[in-house]
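Peer 1: for reference, the sequence and a predicted model appear below.
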Amino acid sequence: MKQLTGLDAAFLMLERHNSTGHVGGVCLLDPTDAPAPVDLASITALIEQRLHLIPIMRHRLAWVPLGLDQPYWIDDEDFDIEYHVREISLPNPGSDAQLAEQVSRLHARPLDRNRPLWEAYLVSGLSGGRLAFYTKMHHAAIDGVSGAELMTMLLDLSPEGREVAPAPAYHPRSAPTGARLLAQAATGLLASPVNALRIAKDVVRSLPVVGSYVTPYVGAVLGRGTRDGDVIATAPGLAPRTPFNRAITPHRRWAFRSVGLAEVKTVKNHFGVSVNDVVMAMCAGAIRRWLSEHDALPDSPLVAMVPVSVRDDASKSSLGNKVAAMLATLPTQLADPQDRLTNVHEAMKVAKAQQAAIPTGLVENVTDFAPPALTARAARVAFAMGLPHRVPPFNLVISNVPGPNIQAYLGGAKLIANYPVSVIVDGQGFNITVMGYRGELHFGLIACRELVPEVDAIAGYLVDELDALLRLVPPVETASPGKRARATSPAKPTKARAKATKATAG
């Protein structure tokens, strides 16, 4: 057995009638040069051969009676891989829009908590003979970094694959009794005073920083306003209202785009910022444009929650969640692209300084200490009162997950792109996640279908924002036109941009 941390279990509590707690990804594949047919049987066999490398894929949840302790991962005695690996086919013409719609519907469906919390779908029928491989796994088991690591267990560096040691016979251990789980919970309760003292010391050391986050939020709950920009600019925590900061429905829309990393680096190098700064500025511009079109642009900047991995060397290969939340202003109130980029750069420096002042693992320790029954009850009360969307602590999540920079293959098929599919909850009905792979950044945008129906348009605006920034780079810093890494949709190049400045490849 392996016990979930409090942070892992928190993602289970996010699930309501209108929200799910899983994250996923869509791999676009080219099977043209695969040494053998890539179909449901071959993909199922590949996963089955490597299950022993990813034990979590055969683990299900075991709940502690009365909610006295965090749940455990235990062996699934009735594991059935054919339940988890499935196949669907798109009708003609097999467009990217059809793929996005199908993924939207699949991602909206909750996982069965009586089974291991993952599913995989091989999608055929895409135009150009392509395939897609959509996977989803509960956030209680993985975060962005561990999810990317898990995927590498299934990928190879050549179409022929690699030698994998034969899997040992699967002999699942019997499920623990309720009495055993209660006994272990009682043992943990005995250590609570010691843990409480240790956590209290960390909280006291962090009060100046934590207070800067909490004060504006509490003030808003009590109806005490603050001056525009006074809190947001220095201590994010009170987000302005937008159309996507409302109660969500169970329905989703997902969109995806790719841009060349060389183009992003051209902007980065010219303005002396980071790749992530450029990504944040692209998001700010795209969201500003959408909000303006809907007459919903706030006068103050939005607040973005940026997940930050806190994995150390000892936890690099482990699953579960090792992540902290960094809050940063998103300058949607600024009309000029260069001003937005400069503002983002400064806002991210402030956010990083604030995050560095909080002890590593503080949030995880606090969530570990709180009894699940109590936190579950608190979550139910908060959702019932509508706090997540009445006083949103931030407007959206923007996550950047690093990926491999070498060509990979899945079951012999060439991996073209890997697009993330994330999660939304009440109060934050829009999420942008980006993953790097082979000289490109792959954006996956997910939203509540009713709150942000035009999510595909926002995905296109991201590309336009990068073009706007590229036009600010002097021609002397650009390479020949043939070396520009074009911003593309998954299936074909985007429309020609005659005015776009050519970007370097380095």
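Peer 2: That came through fine.
Peer 1: tell me the spacing between Asn245 and Leu396.
Peer 2: According to CB to CB, to the nearest Å, Asn245 stands 8 Å off from Leu396. All C-beta spots, glycine's among them, are computed from the backbone N, C-alpha and C.
Peer 1: I should have written Pro35 there, sorry.
Peer 2: 43 Å.
Peer 1: of the two, which one has the most company?
Peer 2: Using other CB atoms under 10 Å, the more surrounded residue of Pro35 and Leu396 is Leu396, with 26 against 11.
Peer 1: OK, contacts around the nearest residue to the more buried one once chain neighbours are set aside?
Peer 2: With sequence-adjacent residues excluded and distances taken as CB to CB, 6 or more residues apart in numbering, Leu396 is closest to Phe430, at 4.8 Å. For Phe430, the contacting residues are Phe244, Asn395, Leu396, Ile424, Leu445, Ile446, Ala447, Cys448, Leu451, Val452, Val455, by CB atoms under 8 Å, 6 or more residues apart in numbering.
Peer 1: in a helix, Leu466, correct?
Peer 2: Yes - Leu466: assigned to a helix according to DSSP: H, G, I helix; E, B strand; the rest coil.
Peer 1: now for it, how many residues are close by?
Peer 2: Counted by other CB under 10 Å, the residues lying close to Leu466 total 28.
Peer 1: filter the contacts of Phe430 to the buried ones?
Peer 2: Buried by 16 or more other CB atoms under 10 Å: Phe244, Asn395, Leu396, Ile424, Leu445, Ile446, Ala447, Cys448, Leu451, Val452, Val455, out of the contacts of Phe430.
Peer 1: tell me how far Gly439 lies from Lys265.
Peer 2: 10 Å.
Peer 1: of the two, give the one with the bigger neighbour count.
Peer 2: Using other CB under 10 Å as the criterion, Gly439 and Lys265 rank with Lys265 on top: 18 against 12.
Peer 1: where does that one sit: helix, strand or coil?
Peer 2: Per three-state DSSP, Lys265 ends up helix.
Peer 1: so where do the helices sit in the chain?
Peer 2: 6-13, 40-49, 81-84, 96-108, 144-152, 178-190, 192-221, 261-271, 275-293, 337-356, 362-369, 372-385, 387-390, 455-470 (DSSP state H).
Peer 1: show me where pLDDT drops low in the stretch 101-250 of the chain?
Peer 2: Applying pLDDT under 70 to the stretch 101-250 of the chain flags the ranges 144-146, 188-237.
Peer 1: correction: the stretch 301-450 of the chain
Peer 2: For the stretch 301-450 of the chain (pLDDT under 70), the answer is 310-323, 355-391.
Peer 1: how about 90 then?
Peer 2: For the stretch 301-450 of the chain, residues meeting the criterion pLDDT under 90 lie at 307-327, 349-393, 401-405.
Peer 1: would you map out the domains in the chain?
Peer 2: As assigned by automatic domain parsing, the chain contains the domains 2-163+175-187, 198-400+420-483.
Peer 1: quick one: end-to-end distance for the shortest one.
Peer 2: Counting by CA to CA, to the nearest Å, the length from the leading to the trailing residue of domain 2-163+175-187 is 16 Å.
Peer 1: how far does it sit from the chain's center?
Peer 2: Taking the mean of its C-alpha atoms, domain 2-163+175-187 sits 15 Å from the chain's own mean (CA atoms, centre = their mean, to the nearest Å).
Peer 1: wait, Arg449 sits on Arg253?
Peer 2: Yes - Arg449 lies in contact with Arg253 (CB atoms under 8 Å); the separation is 4.8 Å.
Peer 1: tell me the residues that contact both of Asn245 and Leu396, please.
Peer 2: Shared contacts of Asn245 and Leu396, defined by CB under 8 Å, 6+ apart, comprise Gln428.
Peer 1: buried residues in stretch 43-52?
Peer 2: Neighbour-count burial for stretch 43-52, with 16+ other CB under 10 Å as criterion, is recorded at Ile43, Thr44, Leu46, Ile47, Leu51, His52.
Peer 1: could you dump it to CSV, C-alpha only?
Peer 2: Taking Å, rounded to 0.1, in the frame of the first residue of the first chain, the C-alpha atoms of stretch 43-52 are listed here in CSV:
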residue,chain,number,x,y,z
ILE,A,43,-1.2,-0.4,-28.3
THR,A,44,-2.8,-2.6,-25.6
ALA,A,45,0.0,-5.1,-25.8
LEU,A,46,2.6,-2.3,-25.5
ILE,A,47,0.9,-0.9,-22.4
GLU,A,48,0.5,-4.4,-20.9
GLN,A,49,4.2,-5.2,-21.4
ARG,A,50,5.2,-2.1,-19.5
LEU,A,51,2.6,-2.0,-16.7
HIS,A,52,5.2,-3.3,-14.2
